[in-house]
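Undergrad: no sequence on this one, just coordinates:
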DNA sequence: AAACCGGGGTG
DNA sequence: CACCCAGGTTT
């Protein structure tokens, strides 16, 4: 019963302080008993994997404007969706997003399953996302544990075990607090608390609805929790990208293999990336120029220093790699960030060559 | 169990 | 610049 009262305290806070987000139903609609659109909940949760709310907002708005239903998304061409996802990162999410949409249409008549167990079978939906959708969209009392919830639980119970080893313990603690009443709002409330009050640094304990029961607050250890096991340093890799501009304005680009880094995305042909620039040939014979400078980019587990070569090529050019994309269909915004940085570097060089 | 996947924000 | 944040899939 004590736990139920704690959840109720948080829900009272949430009723006043819930963050407004495009994928959430407003307070008035919620009061009228409206449930969130499962398609919106799914799309936002996939976008929010490893990604901040600020970054997701505009992508979510664009996606739902372009594809109002999961059926619309399922019917779209892969390249179109990958292009709209460009810049959001972790591109396997976009490939799984499309797979999932098509399974929902083909196997579930265009309607999302409403249980954690069934959601878990869909591509791109793991333990966290399955629980989040079941809870938020269908108000089921699932235990939803993301990085915010881990931090809140570690502090609430003053857990000093470092992550990721502490994960099972923190999940068990979260389970004891999940209420039968309004579990969907409760799940969002804990995550909002972690995002706005119980922040990684400088937590605002003074205005926290859970300051009374918080063990770390009492012990003065809140700012240093959760503990984490140190991670390995990132190595630096180098490479060269070739940007060929044909007389008619077409650019030489390649679609990267589905597997691996930047899978399924557009990119410039070039060397591989390694500690030293790997031996390689340009994608075609041309008067390649080095404009100088490097595109600097950091991936999940390495830093990249990418230099560029630029050339203007004639209409008959026959590339060994990639294909020319007409100027009318090439949108720099379709490129992942590292490729857009290379483009920005080369663009100045082409202006100088005129 | 460990490795593989981006990008943006902050100090 | 260094550091911080954050799930799913694959091997």
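TA: Cool, the structure landed. Because the structure is a prediction, the values reported are computed rather than measured.
Undergrad: Low-confidence stretches in the stretch 1-150 of chain A?
TA: Judged by pLDDT under 70, the stretch 1-150 of chain A has its weakly predicted residues at A:1-2.
Undergrad: could you redo the last one with a cut-off of 50?
TA: Residues of the stretch 1-150 of chain A meeting the criterion pLDDT under 50: A:1.
Undergrad: nearest residue to the residue of the stretch 101-250 of chain A found nearest DNA strand B other than its sequence neighbours?
TA: Nearest residue of the stretch 101-250 of chain A to DNA strand B: residue A:201, at 6.1 Å (CB to the nearest atom of the strand). C-beta here means a position set from N, CA and C on the backbone, and glycine is covered the same way. Leaving aside its chain neighbours, residue A:201 sits nearest to residue A:223 (6.7 Å; criterion: CB to CB, 6 or more residues apart in numbering).
Undergrad: still on that earlier bit, any idea which element the residue of the stretch 101-250 of chain A closest to DNA strand B lies in?
TA: Using DSSP states H and E, residue A:201 maps to neither a helix nor a strand.
Undergrad: Can you verify my assumption that residue A:254 contacts residue A:321?
TA: Yes: counting by CB atoms under 8 Å, residue A:321 is a contact partner of residue A:254 at 5.9 Å.
Undergrad: Overlap in contacts, these two.
TA: residue A:269 (CB atoms under 8 Å, 6 or more residues apart in numbering).
Undergrad: Can you name the residues that contact the residue most central in space within chain A?
TA: Against the mean C-alpha coordinate of chain A, by CA atoms, centre = their mean, the closest residue is residue A:51 at 4.1 Å. Counting by CB under 8 Å, 6+ apart, residue A:51 makes contact with A:88-90.
Undergrad: Closest to DNA strand C out of those residues?
TA: Of all the contacts of residue A:51, residue A:90 has the smallest distance to DNA strand C: 5.1 Å, by CB to the nearest atom of the strand.
Undergrad: check contacts around that closest one.
TA: A:49-51.
Undergrad: Among the residues you listed, which are located in strands?
TA: Taking DSSP state E, every one of the contacts of residue A:90 sits outside strands.
Undergrad: Same list (those residues) but as CSV, adding distance to DNA strand C.
TA: Shown next, in CSV, are those (distance: CB to the nearest atom of the strand, whole Å):
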residue, distance to DNA strand C
A:49, 4
A:50, 4
A:51, 7
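Undergrad: Which residue ranges of the stretch 151-300 of chain A form helices?
TA: With helices called from DSSP state H, counting those that start in this stretch, the stretch 151-300 of chain A shows them at A:167-177, A:183-196, A:215-219.
Undergrad: can you tell me which of those helices comes nearest to DNA strand C?
TA: Among the helices of the stretch 151-300 of chain A, the nearest to DNA strand C by CB to the nearest atom of the strand is helix A:183-196 (6.2 Å).
Undergrad: for the closest one, packing partners?
TA: With contacts defined as 3 or more CB pairs under 8 Å, 6 or more residues apart in numbering; DSSP states H and E, helix A:183-196 has these neighbours: helix A:2-17, helix A:127-138, helix A:147-156.
Undergrad: Could you dump those helices into CSV and include distance to DNA strand B?
TA: Formatted as CSV, those follow (distance: least, CB to the nearest atom of the strand, whole Å):
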stretch, distance to DNA strand B
helix A:2-17, 19
helix A:127-138, 12
helix A:147-156, 11
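Undergrad: could you dump the ones you listed to JSON lines with mean neighbour count and distance to residue A:212?
TA: Putting those into JSON lines (neighbours: other CB atoms under 10 Å; distance: least, CB to CB, whole Å) gives the following:
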{"stretch": "helix A:2-17", "mean neighbour count": "15", "distance to residue A:212": "8"}
{"stretch": "helix A:127-138", "mean neighbour count": "23", "distance to residue A:212": "25"}
{"stretch": "helix A:147-156", "mean neighbour count": "24", "distance to residue A:212": "11"}
